[in-house]
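J.: Sequence plus predicted model, see below.
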Amino acid sequence: MPIKYVISVLLASLLLVSVTACESEPLPSADPATLLIMNVTLIDGTGSPRRDAMVRVQSGKIIEVGELDAGQNDVVIDGGGQVLAPGFIDTHSHADDELFDQPDALAATSQGITSVVLGQDGGSPFPLLNFRLKLLDNPVAINVASYSGHNTLRAHVMKDDFRRHATAPEISVMSQFLREDLQAGALGLAAGLEYDPGIYSDTEEVIALARIAADHGGRYISHVRSEDRWFEQAIDEIIEIGRQAKIPVQVSHIKLALTTLWGRAPDILARMDAAREAGIDITADIYPYEYWQSGMMVLLPERDINDREEVEFALEKLAPPEGMWFTYYAPQPEYVGKTLAEVAALRGVDPVTAFMDLIAASEKMSAETGQDADMIIGTSMREDDIRELMAWPHTNICTDGSLDDLHPRGTGSFPRVLGRYVREQGLMSLEQAVYKMTGLSASHMGFEDRGVIRPGAAADLVLFDPETVIDNATPKNPGALSTGISKVWVNGQLVFENKQSTGNRPGRFLARQ
């Protein structure tokens, strides 16, 4: 083994000891008094019926729940009869890069989110230990967990030569990087098999890495290989990964993004139910919108920007020009906010030609700068499928959003479910919805002390008004904060109140348990 590699492993081990020692210290508290939250309707995150109860918090933990008397050291909070629930857990977040620039994480806390899970779609902070150390030096308002990203590992090993299957020695190096991330607390392995460079991997490569995650008690989460043309095969693949690696598997932001798939949610869920009956722990998360956000290239799985027939198919079956708009376009920033149909009209060409010209310019700039040069929102899903997939007992809620997102999901996902799908549409009970945001999410991520209100659990809490909670973010105003979220506590400290951050930053890194 090369001496350089041995030294790096030793340094990582020493740093990990340092992190563990630091995180074993008690959470800082400006006031030794306990917090007593009273006059609330308690929904505890287990799916159980709501009830009247009080909650006492001390040193970042819930210490009592029930009919309680105020003590002389209690700071009493009157909840005004609103709902007190566990803090919401976003199992698919892209807050990675923005977290240190926006440590108050207002886009998350304003919708009741107290914990986010990073490392999604195959991309993760690398090495994870360095990110964890940075969090110690730069505290944030919310709790943070992360997977280790397959695409990140692949890119570090294969560099620019990634348009092929990995060799056994390359998988071996990826495996070692993964072990180091797992040692640093990664929840498991995350894949983004519809994106470069993971799209060029074969299933055996992913299974080899998933087995390592399984050996460490980890999990597997994936933006599956296709959400449209080959969605059924992609579901079969993640099921096979779960079967062979003997690991829990989760389908990221499950959707039916192809017109010929619309209405087939029951068929897909039946396939996943059959896998569960066969002993494979397959689950899913979902965000409550009919449109997605990604790069233009995601519409071309063969990565051939000159294939006019493929572009025609994409614009007819996946994302119509009138329902596709640019949230970022570096070659010509004036196109941001415009649909592909509008851009095509400005250019005096048909939408297919416009798409091909635009992606060619974007890819050229990306090659020159080493940075992604475009981002689009595409309308590809149907409401009845979203409802069906969301109601599946093993689907939890997520955002798939960032802290500074041009898609409204970044600020609106959780209140949107509570307001539109629960109160207005009656898709599920409020208790069921909260469970899908808390206890179920915690179970899917392997968190043992989050997502429930009970003595001994972490005091991540959200107080909200079920009669008014609603999302306000729209495609034209994606940063608009939601209504109805009153207060949010993270590890017992208030981080959101009166529609603004408090400045407290008690978030912790949530290592694999």
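T.: In hand now; what should we look at?

J.: ok, the residue nearest to residue 260 when sequence neighbours are not counted - contacts?
T.: Nearest residue to residue 260 in three dimensions, chain neighbours excluded: residue 317, at 6.9 Å (CB to CB, 6 or more residues apart in numbering). Glycine gets a C-beta too; all of them are placed from N, C-alpha and C. Shown in contact with residue 317 (CB atoms under 8 Å, 6 or more residues apart in numbering): 228, 258-260.

J.: Would you reformat these as TSV and include pLDDT, neighbour count and distance to residue 469?
T.: Below are those laid out as TSV (pLDDT from 0 to 100; neighbours: other CB atoms under 10 Å; distance: CB to CB, whole Å):
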residue	pLDDT	neighbour count	distance to residue 469
228	92	23	32
258	94	19	32
259	93	14	33
260	93	10	36
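
J.: which of these lies closest to residue 451?
T.: residue 228 (31.8 Å; CB to CB).

J.: Make sure the residue nearest to residue 260 is indeed in a strand.
T.: No: looking at residue 317 with DSSP: H, G, I helix; E, B strand; the rest coil, it is helix, so not inside a strand.

J.: Report the secondary structure state of the residue positioned nearest the centre of the chain.
T.: Per CA atoms, centre = their mean, the C-alpha nearest to the average position across the chain is that of residue 92, at 0.9 Å. Going by three-state DSSP, the secondary structure assigned to residue 92 is coil.

J.: List the residues that contact it.
T.: 117, 120, 221, 252-253, 285, 287, 398-400.

J.: Can you list which of those residues are found in helices?
T.: If you go by DSSP state H, these have nothing in helices.

J.: out of those, which are inside strands?
T.: Residues of these located in strands (DSSP state E): 117, 221, 285.

J.: want to try TSV for these, with neighbour count and pLDDT as columns?
T.: Listed next are the ones in strands among the contacts of residue 92 as TSV, based on neighbours: other CB atoms under 10 Å; pLDDT from 0 to 100:
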residue	neighbour count	pLDDT
117	26	98
221	29	98
285	30	98
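
J.: I'd like those laid out as TSV, including distance to residue 393.
T.: Converted to TSV, the ones in strands among the contacts of residue 92 look like this (distance: CB to CB, whole Å):
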residue	distance to residue 393
117	20
221	18
285	13
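
J.: Need the three-state assignment for the residue of the chain most remote from its centre.
T.: The C-alpha centroid of the chain is most remote from residue 72, which lies 41.3 Å away (CA atoms, centre = their mean). Three-state call for residue 72 (three-state DSSP): coil.

J.: Please tell me how far it sits from residue 36.
T.: Distance of residue 72 to residue 36, given as CB to CB, to the nearest Å: 11 Å.

J.: cool, and residue 306?
T.: Using CB to CB, one obtains 66 Å as the distance from residue 306 to residue 36.

J.: Which one of those two is surrounded by more residues?
T.: When residue 306 is set against residue 36 and neighbours are counted by other CB atoms under 10 Å, the residue ahead is residue 36, at 21 against 10.

J.: Near the nearest residue to that one once chain neighbours are set aside, how many other residues are there?
T.: Leaving aside its sequence neighbours, residue 36 sits nearest to residue 74 (CB to CB, 6+ apart; 4.1 Å). By other CB under 10 Å, the residues close to residue 74 number 19.

J.: swap in the one 5 residues further on?
T.: The burial metric for residue 79, expressed as a neighbour count using other CB under 10 Å, is 20.

J.: Next, the contact list for it, please.
T.: 37-40, 463.

J.: mind giving me a markdown table with those residues and columns for neighbour count and secondary structure?
T.: Formatted as a markdown table, the contacts of residue 79 follow (neighbours: other CB atoms under 10 Å; DSSP: H, G, I helix; E, B strand; the rest coil):
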| residue | neighbour count | secondary structure |
| --- | --- | --- |
| 37 | 27 | strand |
| 38 | 18 | strand |
| 39 | 14 | strand |
| 40 | 23 | strand |
| 463 | 21 | strand |
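
J.: picking that back up, let me know the closest of the contacts of residue 317 to residue 492.
T.: For these, the nearest to residue 492 is residue 228 (44.1 Å; CB to CB).

J.: okay but that closest one is in contact with residue 234, surely?
T.: No: at 9.3 Å, residue 228 does not count as touching residue 234 under the criterion of CB atoms under 8 Å.

J.: any idea how this protein splits into domains?
T.: 86-290+381-450, 293-379 (automatic domain parsing).

J.: End to end on the longest one, go ahead and measure it.
T.: Chord length of domain 86-290+381-450, first to last residue, is 8 Å (CA to CA, to the nearest Å).

J.: chain center to it, what's the gap?
T.: 6 Å (CA atoms, centre = their mean, to the nearest Å).

J.: which residues in the stretch 351-500 of the chain form helices?
T.: 351-369, 383-391, 409-416, 430-437, 439-445 (DSSP state H, counting those that start in this stretch).

J.: what's across from residue 149 in the sheet?
T.: residue 190 (DSSP bridges).

J.: Next one: it, what pLDDT does it get?
T.: For residue 149, the pLDDT comes out at 98.

J.: Quick one: neighbours of it, just the number.
T.: Residues near residue 149, counting by other CB under 10 Å: 28.

J.: Bridged to residue 509, which residues?
T.: Under DSSP bridges, the beta-bridge partners of residue 509 are residue 144.

J.: And the average pLDDT for the helix or strand hosting residue 328 is what?
T.: Residue 328 belongs to strand 324-329 when assigned by DSSP states H and E. Across strand 324-329, the average pLDDT comes to 94.
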